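K.L.:
no sequence for this one, just the structure:
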Ligand SMILES: Nc1ncnc2c1ncn2[C@@H]1O[C@H](COP(=O)(O)OP(=O)(O)O)[C@@H](O)[C@H]1O
Ligand SMILES: [Mg+2]
């Protein structure tokens, strides 16, 4: 298709060209241009800074969509994804225009609480170094807590599911402690641990570990007994039964626990940072709210959304790698 | 190995001799003790194929689990080549009624299970593809179990057992859940595998005809708790014919022993 548009001349080329135009791409370019026009066409009620730059970015975006409207068909998988989200790009331009009008231009929404898009842009440009440090601090705390939590949770879960004696002593404790939300431990954790950092790691680990323990244990305990019989008649020892039968069979359950743990680790991470940390996105939110710097708050919220959904996405990728065999058995 | 496959002049392995001495077994249920096997005495000569027939729930699978070493008899003893059976061993492989393939492993990796568990994968890994070829699944070696038909899954389970070169193959109604056509083909396949390999075979089946077509001896179990009601030798050369007069006569005798009338 692309070749004919390039090689054939005259009328044929233009008709083939029109056949290939991505209409939603044109509309997206138009809606982004509209947002840009609104941004520069009217003056801000109060100066927010970066109004011109924001408009410039919108124009660049509109230009990109205009270009894509003709070339997207040659981009393969990425192109198909862009086309799939066509209506979203249009809506995004309209949303930015409406946001611009209701905040910066008309001041309909109460001023200190609602920042226009250029306010956020201003924050990213002026406070990027502090935000970056906060992201790194949050990632460090989350990483230490989450990975130690799921590692311990997985081992304890396998032990609970596998060993009768371990389960005799462990299960009642787990049933008692498991349902307590991790945030309930915050006051005593800060009191018990020598540093707030240690306490925060413990809380994140607890939040992510408990669901992993529960689901791993139930997964290991409910493995089809005949799989063990088969493996034993083929010469498997206990180590093989645990590592090559029980754990792979329980893995779908383990992943359910991992997803639950991931979500609750975010919740506890932010609360712990708000209460005890000197840096981190949770601390940033708290700190900026105290100074009524709401543009900073929204800027941090957007970063947080990207970060958390990125981590969820990574876990999905991991699941697809390890549990690909389930395709065709369960709804994927 | 391949040469032996082609002409099969002499068996690859020597079959195990199995002896059950006065074996009784029971299960503890919440409602009380459930006696399953009662004073079973049975000698199986190496390299023979013995079929076990009996009503469902009589204790046939239990007997196979005892011989496999998955469970210990309550009283009496199970001997393999004169040595008491104390635990499972890859020389005595059990093929279950359900193929019980590991769903997260491809056919090839399922067949590899035994060698992997015994730490022989590195040195003897080439036997995996040979075993898969023996059950004609080469095209499906990389398929997952849920992508196989019932008969193919059962053949994969068979390959998983055969790759260990078992000296005793315990078959628990391996064809029970297959359709008639697949059953007939697989009966032929089982027979030729047994003839090629020289292992001892103990086959549980609920199909009298299948027992008579495949086995040298047919043992008949009573209702639970199972005792041996009787046995019949089938001294006919292979291939046997379903409609043969001797086979029909034996079939009638066995059904009478089981207390089933042929005319319904
Ligand atoms: N693990 C077990 N625990 C308790 N009862 C069992 C167990 N396995 C089998 N049984 C019981 O033992 C009896 C014989 O079972 P089984 O050997 O499977 O019979 P068959 O294979 O001849 O149909 C059945 O009544 C069954 O319910
Ligand atoms: Mg049975």
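P.N.:
Thanks, I have the structure now. Fair warning: this is a prediction, and the values are worked out from it, not measured in the lab. Numbering: from 1, shown residues only, chains lettered A, B, ... in the order given. Ligands and ions are numbered 1, 2, ... in the order given.

K.L.:
Does anything pack onto the strand or helix carrying residue B:27? Which helices or strands?
P.N.:
Here residue B:27, judged by DSSP states H and E, is contained in strand B:18-29. Where contact means 3 or more Cβ pairs under 8 Å, 6 or more residues apart in numbering or on different chains; DSSP states H and E, strand B:18-29 is packed against strand B:32-44, helix B:60-68, strand B:75-80. Any C-beta I mention is one placed from the backbone N, CA and C, and that applies to glycine too.

K.L.:
Next up, the contacts around the residue in the stretch 101-250 of chain A that ligand 1 sits nearest to.
P.N.:
Nearest residue of the stretch 101-250 of chain A to ligand 1 (Cβ to the nearest ligand atom) works out as residue A:225 at 8.8 Å. By Cβ atoms under 8 Å, 6 or more residues apart in numbering or on different chains, no residues touch residue A:225.

K.L.:
now it: how far from residue B:129?
P.N.:
30 Å (Cβ to Cβ, to the nearest Å).

K.L.:
re earlier: could you check the strand holding residue B:27 and say which residues are buried?
P.N.:
B:18-21, B:23-26 (16 or more other Cβ atoms under 10 Å in any protein chain shown).

K.L.:
Skip the chain neighbours and tell me the closest residue to the spatially most central residue of chain B.
P.N.:
With distances taken as Cα atoms, centre = their mean, residue B:171 lies nearest the centre of chain B, 1.8 Å away. Leaving aside its sequence neighbours, residue B:171 sits nearest to residue B:203 (Cβ to Cβ, 6 or more residues apart in numbering or on different chains; 4.5 Å).

K.L.:
do the same with residue A:255
P.N.:
Leaving aside its chain neighbours, residue A:255 sits nearest to residue A:319 (5.0 Å; criterion: Cβ to Cβ, 6+ apart).

K.L.:
One more: residue B:26?
P.N.:
The spatially closest residue to residue B:26, leaving aside those adjacent along the chain, is residue B:35, at 4.6 Å (Cβ to Cβ, 6+ apart).

K.L.:
Just confirm the one you found contacts residue B:227, I think it does.
P.N.:
No. Here residue B:35 does not reach residue B:227: they are 10.7 Å apart, not a contact under Cβ atoms under 8 Å.

K.L.:
Comparing these two, which residue is more hemmed in?
P.N.:
Neighbour comparison, residue B:35 and residue B:227: the larger count goes to residue B:227, with 18 against 14 (by other Cβ atoms under 10 Å in any protein chain shown).

K.L.:
From residue B:74, how far off is the more buried one?
P.N.:
If you go by Cβ to Cβ, the gap between residue B:227 and residue B:74 works out to 15 Å.

K.L.:
Get me the contact residues on chain B for chain A.
P.N.:
Within chain B, the positions near chain A by Cβ under 8 Å from any Cβ of the partner chain are B:65, B:68-70, B:87-90, B:92-94, B:96, B:98, B:100, B:102-105, B:113-114, B:116-118, B:144, B:146-147, B:160, B:164.

K.L.:
I'd like the next helix or strand past the strand or helix carrying residue A:188.
P.N.:
Here residue A:188 is covered by helix A:186-192, with elements defined by DSSP H and E. Per DSSP H and E, helix A:186-192 leads on to helix A:196-221 as the next helix or strand towards the C-terminus.

K.L.:
anything in that following helix sitting right up against chain B?
P.N.:
No. Helix A:196-221 stays clear of chain B (Cβ under 8 Å from any Cβ), getting no nearer than 12.8 Å.

K.L.:
hang on, the earlier thing: quick one: buried ones out of the residues of chain B next to chain A?
P.N.:
Buried among the residues of chain B next to chain A by 16+ other Cβ under 10 Å: B:65, B:68-70, B:88-90, B:92-94, B:96, B:98, B:100, B:102-105, B:113-114, B:116-118, B:144, B:160, B:164.

K.L.:
can you tell me which of the residues you listed are in strands?
P.N.:
Mapping these onto strands (DSSP state E) picks out B:92-94.

K.L.:
okay if I get those as TSV plus pLDDT?
P.N.:
Shown next, in TSV, are those (pLDDT from 0 to 100):
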residue	pLDDT
B:92	94
B:93	93
B:94	94
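
K.L.:
Give me the below-cutoff pLDDT ranges for the stretch 1-150 of chain A.
P.N.:
For the stretch 1-150 of chain A, the stretches with pLDDT under 70 are A:1-19.

K.L.:
how about the helices in it?
P.N.:
With DSSP state H, counting those that start in this stretch as the criterion, the stretch 1-150 of chain A has helices at A:2-7, A:10-19, A:23-41, A:51-71, A:76-84, A:86-100, A:117-126, A:128-162.

K.L.:
possible to save the ones you listed as JSON lines with mean neighbour count and distance to residue A:192?
P.N.:
Putting those into JSON lines (neighbours: other Cβ atoms under 10 Å in any protein chain shown; distance: least, Cβ to Cβ, whole Å) gives the following:
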{"stretch": "helix A:2-7", "mean neighbour count": "12", "distance to residue A:192": "65"}
{"stretch": "helix A:10-19", "mean neighbour count": "11", "distance to residue A:192": "69"}
{"stretch": "helix A:23-41", "mean neighbour count": "20", "distance to residue A:192": "52"}
{"stretch": "helix A:51-71", "mean neighbour count": "18", "distance to residue A:192": "48"}
{"stretch": "helix A:76-84", "mean neighbour count": "12", "distance to residue A:192": "49"}
{"stretch": "helix A:86-100", "mean neighbour count": "18", "distance to residue A:192": "46"}
{"stretch": "helix A:117-126", "mean neighbour count": "20", "distance to residue A:192": "37"}
{"stretch": "helix A:128-162", "mean neighbour count": "19", "distance to residue A:192": "16"}
